[in-house]
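# Sequence isn't available, so here's the structure alone:
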C-alpha cells in the first residue's frame, strides 16, 4: 500500500511517500481503507522527536491519528461492524509506529470505531476524531456544568473549535481567546466573550472562572483567572510541581483516550447539526502534499483542520 513515512526525526522534509505492507489484522480489529486523514499538533511534535520518552518507535514510522474511510476486512472477534461500513476513528497509538493514518489502510480496534455520520463527507469526518475527542474529554475532566463559566484558550484551533461548541451544548458561558481576524468566527461557534490576545491579556479581562481549557500553553494566565475550587486542564504545556500541588484549585494535564462511545456521541451531535466542522485546507497524499500540510499546521494560523485526502 502507499504510505507516508519518516526514516528519522526532523522537519517536514523527512516525509516521503513509499510502498509498505498493509497492516496485519488482529482478531479485534478492522481494516479501514482510508479516504481522508488530518493533521494534528501531535504529528509534528512526534516527527521532531519530542515524544521519544513516550513512544519507542522503529523506523520507518507512519504518523497520523485520524481515520475516515470504509471497512474492507474484519477480525474474527468483531461483531459490531462489517465490511462496507463507513467509519471514522482515532486509533490506538501503534507501539512500533507503523499503523498510522497517513496511508491507504489502517488497522483499528473495534472499540475505537464509530459509524461516520451520513450528513458529512469523509474529509469532514477526518477532522473530528482526535480534536473532537480531546475537546469532549477535557470538558468532562473539568466537570463542566450548565451555568458555569469556562475559558477556552485558543478558540480558533482544532480543539478549540469543538470545545466552544460542546461547552455551549453543556450549557456553559464561554470565553475564548482569538486574533481579531477570528473574532467573528469564534462568535459564530457560540463564544459569548472573545479576547483579542494581541490587545489584552486574559488576566486584564477575566476573573473568577469555574474552568479553563488551555490549548496554547498559557498555564500561568489560565490558573490565575480561576476562582477558588476552579479547575484547569492543559493539553499543550508541562505543569510545575508547585502548580500540580495547588490546594485551592484543581490543576491537571489532559491526555486523550481513544474511545468509540465518545466518538459516537460526537457523531450524534453532528447528525443533529449541533456541531460544525471547519476545514482550513486540503492536501493530497503525496510527498509534496504531506510536507505542505504539515507546514500549514505548524504556522498555528490554520482556522480549523488541515485535511489529507488519501483516496
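Sure, I can see it. Being a predicted model, the structure only gives us computed values, none of them experimental.
# Could you pull up the residues touching the nearest residue to residue 199 once chain neighbours are set aside?
Of all residues not flanking residue 199 in the chain, residue 180 sits nearest, at 7.7 Å (CB to CB, 6 or more residues apart in numbering). To be clear about C-beta, it is placed using only N, CA and C from the backbone, and glycine gets the same treatment. Neighbouring residues of residue 180 by CB atoms under 8 Å, 6 or more residues apart in numbering: 196, 198, 199.
# List buried residues within those residues.
By neighbour count, with 16 or more other CB atoms under 10 Å, the contacts of residue 180 hold no buried member.
# Got the domain ranges for the chain?
Domain segmentation of the chain under automatic domain parsing yields 2-128+277-309, 131-253.
# of those, which approaches residue 261 most closely?
Residue 261 lies closest, by CB to CB, to one member of the domains of the chain: domain 2-128+277-309, at 8.1 Å.
# what ranges do the strands span in the stretch 201-311 of the chain?
Applying DSSP state E, counting those that start in this stretch to the stretch 201-311 of the chain gives strands spanning 209-214, 226-234, 250-253, 279-284, 305-309.
# Just put the ones you listed in CSV and tack on distance to residue 54.
Formatted as CSV, those follow (distance: least, CB to CB, whole Å):
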stretch, distance to residue 54
strand 209-214, 20
strand 226-234, 16
strand 250-253, 13
strand 279-284, 27
strand 305-309, 23
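# just so I know, which of the domains of the chain lies nearest residue 269?
domain 131-253 (6.8 Å).
# will you turn the contacts of residue 180 into TSV that also has distance to residue 115?
Formatted as TSV, the contacts of residue 180 follow (distance: CB to CB, whole Å):
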residue	distance to residue 115
196	40
198	42
199	44
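# for the protein, what are the low-confidence residue spans?
By pLDDT under 70, the chain has no low-scoring segment.
# okay, which residue is most central for it?
residue 131 (2.2 Å; CA atoms, centre = their mean).
# Helix, strand, or coil at that residue?
Three-state assignment for residue 131 (DSSP: H, G, I helix; E, B strand; the rest coil): helix.
# Now do residue 24: how many residues are near it, please.
For residue 24, the neighbour count with other CB atoms under 10 Å is 9.
# For it, list the residues it contacts.
residue 107.
# Please report phi then psi for it.
For residue 24, the backbone dihedrals (degrees, to the nearest 10) come out as phi -90, psi 120.
# re the thing from before, I'd like to know how far the residue nearest to residue 199 sits from residue 160.
To residue 160, residue 180 is 16 Å away according to CB to CB, to the nearest Å.
# Please, where are all the helices along the stretch 51-200 of the chain?
Here the stretch 51-200 of the chain has its helices, by DSSP state H, counting those that start in this stretch, at 122-126, 129-141, 158-169, 183-188.
# that older thread, so which of the strands of the stretch 201-311 of the chain is nearest residue 60?
Here strand 305-309 is closest among those (CB to CB), at 17.6 Å.
# So which residues of the stretch 51-200 of the chain form strands?
Assigned by DSSP E, counting those that start in this stretch, the stretch 51-200 of the chain shows strands spanning 67-74, 86-89, 105-109, 113-115, 149-153, 173-178, 193-196.
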